[in-house]
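S.K.: Quick one, fold the following:
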Amino acid sequence: MSAESTRPTPPRRALFDSTRLGPVTLRNRIIKAATFEGATPGGHVSDRLVEFHRRVAAGGAAMSTVAYLAVSPEGRTDSGAIHLGEGVVDQLARVTAAIHSEGAAAAAQIGHAGPVANAASNGVPSIAPTRAFNPLGLRWTRAATEGDLARVVEDFGRATVHCIEAGFDSVEVHLGHNYLLSAFLSPLLNRRSDRWGGPIDHRARLARRVLQRVRSAADGKVAVTAKLNLVDGVRGGLGLEDSIQVARWLAEDGTVDALELTAGSSLLNPMFLFRGSAPVPEFRATLPWYLRGGFRLVGDKFLRRYPYEEAFLRPMAEQVRDAVDLPVILLGGISRGDTAAEAIEAGFDYVAMGRALLHDPQLVNRLADDPAAASGCI
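M.R.: Residues are numbered from 1 along each chain as shown. Now for the predicted structure:
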């Protein structure tokens with residue numbers, strides 16, 4: 001589809017320009033995307049997590065994003081995820097201090113896993129727009145009540161305050177991958193008939209309300225961004241036309257300083273985001289013993305194979321970029337300097353790198369010296 005542009009023609013700019021994201025100054029336009037670190041045993045910050053983000057900051061990234069911080073106990077992906085309560089503020093302050101010591105800004109990705117949560121691991125029933133079965137936890141998620149949703153909105157507000165107390169410079173609200181807010185956006189997962197379901201203006205109500213609460217709690221002290229699915233990558237899921245409409249509403253609401261655009265479903269099609277060879281044996285090894293046999297049979301279908309190409313989300317992301325007067329962060333398959341530079345020259349405000357910086361935390365510094373450098377990540 002073609003979106004009518006409301007975005008003014010940007011001035012020429014470069015990858016290593018210093019910029020302002022809300023109240024935060026960033027030393028360049030390269031952000032370390034939120035990625036699963038596997039370094040929060042028991043839901044606590046480890047020395048490995050601190051060192052991981054210090055290395056990324058020392059490698060030249062403008063901002064490193066800590067993932068994934070759950071706003072509610074049942075919103076953790078599993079018991080190893082951090083619940084962003086008062087008890088972890090001092091722990092997370094170690095991470096932000098390490099990032100700041102290397103001259104970078106620190107972002108916190110906050111969210112609620114919803115139907116993606118492993119209730120068996122968490123020991124707490126999970127919630128979703130409508131009742132559904134979660135194969136990872138072998139549990140049914142229950143349909144969220146009005147009381148649940150009111151509580152979750154407030155949980156996002158409290159989590160934002162804790163992020164400020166921990167020294168973060170920016171908060172990224174997770175609206176992707178069929179976590180709770182993304183699941184409400186999806187017509188496949190949200191089959192409610194009340195004010196939270198049905199047409200896109202109803203399905204977007206929770207995401208908009210959460211961002212209004214986060215913006216209020218941020219009180220101008222930190223930047224607020226949202227990570228929004230372009231498409232879910234599954235039949236019947238969120239499509240690009242609805243995603244563009246949600247982006248327009250967020251811009252009109254004035255609740256975010258930038259949008260980071262993503263895709264795929266952690267619940268139904270995770271490789272739609274990642275592309276390249278699917279790590280089926282490695283993924284199976286992380287599962288509880290009782291799920292490994294079944295995954296051996298269905299793993300190839302769950303982790304589908306999509307060919308890798310540089311900036312594979314850019315064609316869809318351009319349609320959102322052209323439809324909103326709001327800074328846009330391009331994500332997905334950015335591992336070369338020319339890919340990143342061309343995206344900025346084409347009007348994207350920032351690029352986010354995930355696997356490229358996992359493979360080579362020094363990549364940004366190398367790009368500053370050699371614009372033709374590449375990560376080497378395959």
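S.K.: which ones are touching the nearest residue to Asn269 once chain neighbours are set aside?
M.R.: Distances taken as CB to CB, 6 or more residues apart in numbering place Gly233 nearest to Asn269, at 4.5 Å, with adjacent residues excluded. C-beta: built from backbone N, CA, C; applies to glycine. Gly233 makes contacts with Ala263, Gly264, Ser265, Leu268, Asn269, Phe272, Leu273, as judged by CB atoms under 8 Å, 6 or more residues apart in numbering.
S.K.: Show the model's pLDDT score for Gly233.
M.R.: For Gly233, the pLDDT comes out at 93.
S.K.: Likewise for Gly299?
M.R.: So, for Gly299, pLDDT stands at 69.
S.K.: Likewise for Gly198?
M.R.: For Gly198, pLDDT reads 98.
S.K.: Count the residues that sit near it.
M.R.: Number of residues near Gly198 (other CB atoms under 10 Å) recorded here: 14.
S.K.: now swap in Asp322 and tell me
M.R.: 16.
S.K.: from the middle of its chain, how far away would the helix or strand of the chain with the lowest mean pLDDT be?
M.R.: Lowest by mean pLDDT, DSSP states H and E among the helices and strands of the chain is helix 289-302, with a mean of 72. Mean C-alpha position of helix 289-302 versus that of the full chain (CA atoms, centre = their mean, to the nearest Å) differs by 26 Å.
S.K.: Shouldn't Leu259 be within a strand?
M.R.: Yes - counting by DSSP: H, G, I helix; E, B strand; the rest coil, Leu259 is found in a strand.
S.K.: pretty sure it is touching Ala247, no?
M.R.: Yes - assessed by CB atoms under 8 Å, Leu259 is found in contact with Ala247 at 5.9 Å.
S.K.: what residues are shared contacts of the two?
M.R.: By CB under 8 Å, 6+ apart, Leu259 and Ala247 have these common neighbours: Leu228, Val320, Val324, Leu326.
S.K.: Among the residues you listed, name the buried ones.
M.R.: For these, a neighbour count by 16 or more other CB atoms under 10 Å gives the buried set as Leu228, Val320, Val324, Leu326.
S.K.: in the stretch 51-200 of the chain, which spans are strands?
M.R.: Ranges of strands within the stretch 51-200 of the chain are 63-70, 82-83, 105-111, 127-128, 132-134, 139-143, 170-175, based on DSSP state E, counting those that start in this stretch.
S.K.: The stretch 251-378 of the chain too?
M.R.: Along the stretch 251-378 of the chain, counting by DSSP E, counting those that start in this stretch, strands occupy 258-262, 328-331, 350-353.
S.K.: Include mean pLDDT when you put those strands into JSON lines, please.
M.R.: Shown next, in JSON lines, are these (pLDDT from 0 to 100):
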{"stretch": "strand 258-262", "mean pLDDT": "98"}
{"stretch": "strand 328-331", "mean pLDDT": "98"}
{"stretch": "strand 350-353", "mean pLDDT": "98"}
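S.K.: so can I have TSV of the ones you listed showing distance to Arg296?
M.R.: As requested, the strands of the stretch 251-378 of the chain are arranged in TSV below (distance: least, CB to CB, whole Å):
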stretch	distance to Arg296
strand 258-262	29
strand 328-331	31
strand 350-353	33
